[in-house]
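Colleague: Structure of the sequence below:
(one chain, ligands or ions: 2)
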Amino acid sequence: MPCNWLLVGDTKLCKNPAKGQYCATHAFKIRKGIIIPQPCKGCGRGTKSSLQLCVPCGQGRERAYKYYKQKNNQLNLSFT
Ligand SMILES: [Zn+2]
Ligand SMILES: [Zn+2]
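Modeller: Ligands and ions are numbered 1, 2, ... in the order given. Sure, this is the predicted structure:
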């Protein structure tokens, strides 16, 4: 069974053989508490961004999103 770890910046999974879900290297990393890459919402490449957007897809958008959220919070505050 191949490892389920999605490679960062790639759409491919890790090719190492795994006994469980992940290969020894990645199982070890997970135990260490490293962030498991998730597929980017834009292009499907692995990313560690909390918004699931890789650097090329998310650089501008991620910032815009944060700005939007901040604006929203301000609006909510002015209504209460
Ligand atoms: Zn692996
Ligand atoms: Zn992307």
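Colleague: How about S49, nearest residue that isn't a chain neighbour?
Modeller: G58 (5.7 Å; C-beta to C-beta, 6 or more residues apart in numbering). Yep, even glycine has a C-beta here, placed from its N, CA and C like the rest.
Colleague: wait, isn't the one you found in contact with S50?
Modeller: No: counting by C-beta atoms under 8 Å, S50 is not a contact partner of G58; they are 10.0 Å apart.
Colleague: Neighbour count: those two, which is higher?
Modeller: G58 (20 against 9; other C-beta atoms under 10 Å).
Colleague: Next, K69: phi, psi?
Modeller: K69 adopts backbone torsions of phi -60, psi -40, taken as degrees, to the nearest 10.
Colleague: To what extent is it buried, counted in neighbours?
Modeller: 10.
Colleague: Contacts only, for it.
Modeller: With contact set as C-beta atoms under 8 Å, 6 or more residues apart in numbering, K69 has no partners.
Colleague: What does the pLDDT read for it?
Modeller: On pLDDT, K69 comes in at 76.
Colleague: For it, give its distance to C23.
Modeller: 37 Å (C-beta to C-beta, to the nearest Å).
Colleague: is it true that L7 touches G46?
Modeller: Yes: contact criterion C-beta under 8 Å: L7 and G46 qualify, at 5.2 Å.
Colleague: which one of those two has more residues nearby?
Modeller: Using other C-beta under 10 Å as the criterion, L7 and G46 rank with G46 on top: 21 against 14.
Colleague: circling back: identify the contacts common to L7 and G46.
Modeller: P37.
Colleague: Ligand 2 contacts on this protein?
Modeller: Contact residues (C-beta under 5 Å from the ion) of the chain with ligand 2: C40, G42, C43, C54, C57.
Colleague: got a markdown table for those residues, with neighbour count, secondary structure and pLDDT too?
Modeller: Shown next, in a markdown table, are the residues of the chain next to ligand 2 (neighbours: other C-beta atoms under 10 Å; DSSP: H, G, I helix; E, B strand; the rest coil; pLDDT from 0 to 100):
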| residue | neighbour count | secondary structure | pLDDT |
| --- | --- | --- | --- |
| C40 | 23 | coil | 94 |
| G42 | 14 | coil | 92 |
| C43 | 14 | coil | 94 |
| C54 | 25 | coil | 88 |
| C57 | 19 | helix | 88 |
